[in-house]
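**Student:** let me see the structure of the following:
(2 chains)
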There are 2 protein chains.
Amino acid sequence: MKKRYLLAPGPTPVAEEVSLRMAEPMVHHRTPQFSAIFAEAAEDAKYLFQTKQDVLILASTGTGGMEGCVTNLFSSGDKVLVINGGKFGERWGNISETYGLNVVWHKVEWGYAANPKDIESILNQDKEIKGILVQASETSTTAAQPIEALSKLTRDRDDILLVVDAITGLGVVNLPMDEWGIDAMVTGSQKALQLPPGLALVGLSEKAWKFADKSTCPHFYFDFKKERKNLANKTSAYTPAVSLVIGLREVLKNIREEGLDSVFKRHNRLARATRAAVEALGLQRIAPDSPADSATGFFVPDGVDGAKLVKSMRDDFGVTLAGGQDHWKGKVVRIAHLGYVDTFDVVIAISVIEMALTKFGAKVELGKGVAAAQKILLEGYQ
Amino acid sequence: MKKRYLLAPGPTPVAEEVSLRMAEPMVHHRTPQFSAIFAEAAEDAKYLFQTKQDVLILASTGTGGMEGCVTNLFSSGDKVLVINGGKFGERWGNISETYGLNVVWHKVEWGYAANPKDIESILNQDKEIKGILVQASETSTTAAQPIEALSKLTRDRDDILLVVDAITGLGVVNLPMDEWGIDAMVTGSQKALQLPPGLALVGLSEKAWKFADKSTCPHFYFDFKKERKNLANKTSAYTPAVSLVIGLREVLKNIREEGLDSVFKRHNRLARATRAAVEALGLQRIAPDSPADSATGFFVPDGVDGAKLVKSMRDDFGVTLAGGQDHWKGKVVRIAHLGYVDTFDVVIAISVIEMALTKFGAKVELGKGVAAAQKILLEGYQ
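**Tutor:** Predicted coordinates for the structure are as follows:
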């Protein structure tokens, strides 16, 4: 017998209640019954995005939503600034180059955030840049990027868009789309939205819709204007992912009930607890200065094979955490704390790290990380 | 948002996979399809009971199985010795008196086990006693009773039965029915069998079936001889609890696959870890000398209201543990570690106790209990 726990940065755990809802008998998507569900989900998505604009619901993963942003907002030859601080920053650039955009790569060291001053001077020197493409939280490095500061560089100009991959940011930290003036924001269902993968949600500002009118990039499946027209009729251009939309409606209702402020506070508490635990164990965090609230990572101590450690936690202990990617392969462990997670998920994550490191011969004091986490987790019960 | 954890001594958690199996479309119980399932469950139940005898599957909770043992094996006026070391020992006596049996109450202090020497001398002094009625594990006090030693007093005599309520014992500790010569053994679905409540399983020795031939107690719904006849035809006398039997088949398959030895080792490891944690926190265990491997209890520290503590763990922290019963009400906390539970359930239980006691102003060192548990839990991953 082995109980399994999923604490990787997506897919994240799905609540049993939501799973059961999604398992209900299939309904046809062109029915008043489903239209009402679809419209309700789209309406509640505005609350999540903190926007008055439409939020599109697409049957794809988050990457599809990212591609849609590139192909619906820009044209071949357009110059965009890509903040590349990890695997997902890199993805923005790769998509853009695929469609012939002219990418200005802004390399940021893994684990760190871009400096808004640097971005400001780049924009000042190059007025042709039509978009900043960035992650709210770079999942591969657990670093947060300074979205609010970046929005101040773009919001008062009508010739440049701030395009945010908020796949592990939305529903975790405050990203008020309208207030800050974020022009395009993308998320996926399998992160803070606590659903299986298969849905992308995209919110676009008025400025972004104007860009969409001029875009000449080819796109068919990800056709934002067509989706917007269909949304007005409580449906989507192509067949919606029915069960996932039913799940989305449930989760968004729950988030609305909990309230965004509470949601952010919960994630922040879990994140601080995890960071404190990692530090109490003497482990080196991978995003020291600008940590995201969605996930926390640390460098595996010398002498321990990180890949084997992650494998043992998964196969021996039943707890799935994430390892590192690219040059961090085998060197880091990442713990997710976003979505349908709470106090005892953090306790489990820290506890398995302590136990697995002990098993692998590393010097850690059992219970020390847990205690550091508990101290902060208790804030939620005062 | 609040995730909930069920760590009380029954109902215990049900695995999602098993829940989903039980949610499959209802089948009719008089079909070859269901008969095969019923027969398979009854067959695998023999493995669990370590017996060659039939194991009856009844649509009732464990108490129904207990009543059936009294009314099918004894007659009004029969003298039985009831080992009363808690709520469930008391229940044996109450059922017996309801049916006119002559109960010799053997009172054992709560939290302690009967001394087999005392039982031996009682039996030596009173040859009329036709049964010993006892719990393998007295759930209300978390004390184990000495079943093997008691079986030595009854197995070579044909005029007395050892009747064991193994509701929180079977599938937790070794209770080899045939080898030890246990005459009647009862369990329920909502404990080590990891199912919702609603099934009782009863195994009877050849000696017990002979008693059943002579019993004159009234019974209708709990008619063991009728059930045995029906079992030979792969069915039950009355409508079986279809979905629960489907779940039972799944769980028994899983137990068979894990192997009883591993099941016992797992429970023992979880139990020792929990006991070590409770002691590390300086808490006084309620069953110091003969602890059951199914649950561990401790006296709430002075100045803390145990009822409020248990309520806060459930309502604030989302973790359901059990309080105390009768004169232990508000004074003890009981942690179950049986059934579909493993390493991180113990970690959660200890962690919430540390946090809740801290919240209530008791002096406990956060993480200290967890560390003590982890040290023992690690044995499972060597």
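**Student:** which strands or helices does the lowest-mean-pLDDT helix or strand in chain A pack on?
**Tutor:** Of all helical and strand segments in chain A, the minimum by mean pLDDT, DSSP states H and E falls on helix A:16-22, at a mean of 90. When contacts are defined as 3 or more CB pairs under 8 Å, 6 or more residues apart in numbering or on different chains; DSSP states H and E, helix A:16-22 packs onto helix A:242-258, helix B:16-22. To be clear about C-beta, it is placed using only N, CA and C from the backbone, and glycine gets the same treatment.
**Student:** try it again at 6 Å.
**Tutor:** With contacts defined as 3 or more CB pairs under 6 Å, 6 or more residues apart in numbering or on different chains; DSSP states H and E, helix A:16-22 has these neighbours: helix A:242-258.
**Student:** any residues touching the helix it packs on, and which ones?
**Tutor:** Helix A:242-258 has contacts (CB atoms under 6 Å, 6 or more residues apart in numbering or on different chains) with A:18, A:21-22, A:29, A:37-38, A:40-41, A:44, A:47, A:189, A:193-195, A:198-199, A:263, B:1.
**Student:** hmm, 8 Å instead?
**Tutor:** Residues outside helix A:242-258 that contact it (CB atoms under 8 Å, 6 or more residues apart in numbering or on different chains) are A:14-15, A:17-19, A:21-24, A:26-27, A:29, A:34, A:37-38, A:40-41, A:44-45, A:47-48, A:57, A:59, A:171, A:189, A:193-196, A:198-199, A:263, A:266, B:1.
**Student:** the stretch 201-350 of chain A: strands as residue ranges?
**Tutor:** With DSSP state E, counting those that start in this stretch, the ranges of strands along the stretch 201-350 of chain A come out as A:284-285, A:295-299, A:319-320, A:332-336.
**Student:** for chain B, give me its nearest residue in the stretch 51-200 of chain A.
**Tutor:** A:Q194 (9.1 Å; CB to the nearest CB).
**Student:** any idea how many residues pack against that residue?
**Tutor:** 25 (other CB atoms under 10 Å in any protein chain shown).
**Student:** show me what contacts it?
**Tutor:** A:T12, A:P13, A:V14, A:A15, A:V18, A:V251, A:G339, A:Y340.
**Student:** scan these and report the most crowded one.
**Tutor:** A:G339 (27 neighbours).
**Student:** which strand residues bridge A:Q135?
**Tutor:** A:D165 (DSSP bridges).
**Student:** shouldn't it be in contact with A:Q145?
**Tutor:** Yes: assessed by CB atoms under 8 Å, A:Q135 is found in contact with A:Q145 at 5.6 Å.
**Student:** and those two? Which one has more around it.
**Tutor:** A:Q135 (31 against 27).
**Student:** right, and A:T274 touches A:I350 too?
**Tutor:** Yes: using CB under 8 Å, A:T274 is in contact with A:I350, at 7.0 Å.
**Student:** shared neighbours of those two, anything?
**Tutor:** Residues touching both A:T274 and A:I350 (CB under 8 Å, 6+ apart) are A:I335, A:A373.
**Student:** if we can go back for a sec, doesn't the residue of the stretch 51-200 of chain A closest to chain B belong to a helix?
**Tutor:** No: under the criterion used here (DSSP: H, G, I helix; E, B strand; the rest coil), A:Q194 is coil, not part of a helix.
**Student:** how close does A:N72 get to A:K117?
**Tutor:** 31 Å (CB to CB, to the nearest Å).
**Student:** I meant to write A:A292 there.
**Tutor:** 21 Å.
**Student:** go on, A:G169?
**Tutor:** Where A:K117 is concerned, A:G169 sits at a distance of 22 Å (CB to CB).
**Student:** who has more neighbours, the two?
**Tutor:** Neighbour comparison, A:G169 and A:K117: the larger count goes to A:G169, with 28 against 9 (by other CB under 10 Å).
**Student:** tell me which residues touch the closest residue to A:R30 other than its chain neighbours, please.
**Tutor:** Counting by CB to CB, 6 or more residues apart in numbering or on different chains, the nearest residue to A:R30 once its immediate chain neighbours are dropped is A:T235, at 7.0 Å. Counting by CB under 8 Å, 6+ apart, A:T235 makes contact with A:H29, A:R30, A:S35, A:F38.
**Student:** report the two of these separated the most.
**Tutor:** Greatest spatial distance among the contacts of A:T235 (CB to CB): A:R30 and A:F38, at 10.4 Å.
**Student:** which one's more surrounded, those two?
**Tutor:** A:F38 (24 against 10).
**Student:** and stretch A:344-363, how far from the chain's centre?
**Tutor:** 25 Å (CA atoms, centre = their mean, to the nearest Å).
**Student:** ok, stretch A:30-43 next?
**Tutor:** Stretch A:30-43 sits 25 Å away from the centroid of its parent chain (CA atoms, centre = their mean).
**Student:** alright, calling it a day.
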